[in-house]
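> below are the sequence and a predicted model; questions follow.
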Amino acid sequence: MIKVSNLTKIYGVQKAVDNISFVAETGKITGFLGPNGAGKSTTMKIATGYLKATAGTIEIAGFNIATQTQEAQKSLGYLPENNPLYLDMYVREYLSFMGKIYKVAHLENRIKEVIEMCGLEREAHKKVGMLSKGYRQRVGLAQALIHNPSVMILDEPTTGLDPNQIIEIRNLIKQIAQEKTILLSTHIMQEVQAICDQVVIIHLGKIVANTPVNEITKLAQTERILKVEFAEKIDENIITKNFEKILQIQHIAGNLWEIRTPSDIDLRADLFQLAKVQNWTILEIKHEEKTIENVFRELTRTSI
């Protein structure tokens with residue numbers, strides 16, 4: 001597993017990571033989410049041994065990444081966001097190169113195994129630079145798997161892929177996760193719902209959510225979201241002047257608006273009355289169901 005305990009990282013006077021703790025368990029995919037600048041990348045860099053923590057610890061498969069770095073890294077497979085590959089190497093050549101770094105026993109057999117596992121049989125004779133982005137991601141996963149690690153950290157593994165490639169990589173990750181611990185960073189909320197078991201959300205250096213993915217919509221019940229479609233253009237200022245407790249009103253498209261209020265306020269009846277006075281026609285008004293994206297926006301919009 002990955003065990004993060006009271007982790008803090010300070011740059012000058014700024015706390016990039018502020019005393020966070022969580023566990024990513026074996027056999028599960030833990031989604032690690034956060035807006036830009038939240039401390040997500042810093043945490044992953046510490047977990048891989050690239051950065052040193054100011055305080056706290058990260059254990060990889062029981063090894064302290066700061067004091068038992070080599071042992072921890074032997075248990076860790078890492079796919080960085082930019083997936084740096086040697087483009088002039090052939091796929092088998094590159095995997096052989098990485099396997100020798102890790103001193104993998106029976107390397108040729110292991111190369112064959114990861115090529116089959118990652119669906120690279122038809123591309124194995126090509127140079128990495130000749131491959132599509134989807135297949136380059138597969139090569140990146142293959143190199144992360146070459147030494148058969150028990151823990152994997154995957155940073156934005158489907159960024160830039162087309163819909164078919166995304167599905168293929170997600171299925172591959174789910175297959176790998178059956179026997180390993182996976183910490184997966186992503187900005188794609190649908191990806192969390194599709195493949196993650198647990199979700200950890202970090203914001204301004206602090207953990208703001210740590211819950212099973214099927215329970216995340218129970219969080220952040222402080223807002224009510226209304227979608228209102230009018231038949232004509234309306235003046236949003238009239239709505240905000242009449243309803244002081246509106247948290248946010250946002251134009252979506254056409255004559256469709258999103259209105260956010262505290263969860264204990266229901267504006268529907270009052271909106272119909274206002275529309276009558278203003279000679280507006282409401283075509284549709286409905287509460288929006290909570291989604292991971294709604295919760296993410298709500299938890300990461302305000303200062304801690």
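Nice, thanks for sending it over. Numbering: from 1, shown residues only.
> okay, now the unreliable bits of the stretch 201-304 of the chain?
Residues of the stretch 201-304 of the chain that meet the criterion pLDDT under 70 lie in 220-222, 302-304.
> break down this structure into its strands, ranges please.
Taking DSSP state E as the criterion, the chain carries its strands at 2-11, 14-24, 29-33, 55-60, 63-64, 76-79, 151-155, 181-185, 198-203, 206-212, 223-230, 248-253, 256-262, 282-287.
> the spatially most central residue of the chain and residue 82, how far apart?
Closest residue to the average C-alpha location of the chain: residue 186 at 2.4 Å, with CA atoms, centre = their mean. From residue 186 across to residue 82, the span is 15 Å (CB to CB, to the nearest Å). Yep, even glycine has a C-beta here, placed from its N, CA and C like the rest.
> how many neighbouring residues does residue 153 have?
25 (other CB atoms under 10 Å).
> got a list of what residue 114 touches?
95, 120, 142, 145-146 (CB atoms under 8 Å, 6 or more residues apart in numbering).
> kindly recompute the last result at 7 Å.
Listed by CB atoms under 7 Å, 6 or more residues apart in numbering, the contact set of residue 114 reads 95, 142, 145-146.
> could you measure from it over to residue 13?
45 Å.
> same question, residue 160
For residue 160 relative to residue 13 (CB to CB), the value is 35 Å.
> next one: residue 286
Counting by CB to CB, the gap from residue 286 to residue 13 is 46 Å.
> neighbour count: those two, which is higher?
Remark: of residue 286 and residue 13, residue 286 carries more neighbours, 11 against 5, as counted by other CB under 10 Å.
> distance of the more buried one from residue 199?
Applying CB to CB to residue 286 and residue 199 gives a distance of 26 Å.
> same question for residue 236.
33 Å.
> comparing those two, which shows the higher neighbour count?
residue 199 (26 against 13).
> how about the nearest residue to that one, chain neighbours excluded?
Leaving aside its sequence neighbours, residue 199 sits nearest to residue 31 (CB to CB, 6 or more residues apart in numbering; 4.5 Å).
> can you get me a residue count around that neighbour?
With neighbours defined by other CB under 10 Å, the count for residue 31 comes to 25.
> would you confirm that it contacts residue 192?
Yes. At 4.4 Å, residue 31 counts as touching residue 192 under the criterion of CB atoms under 7 Å.
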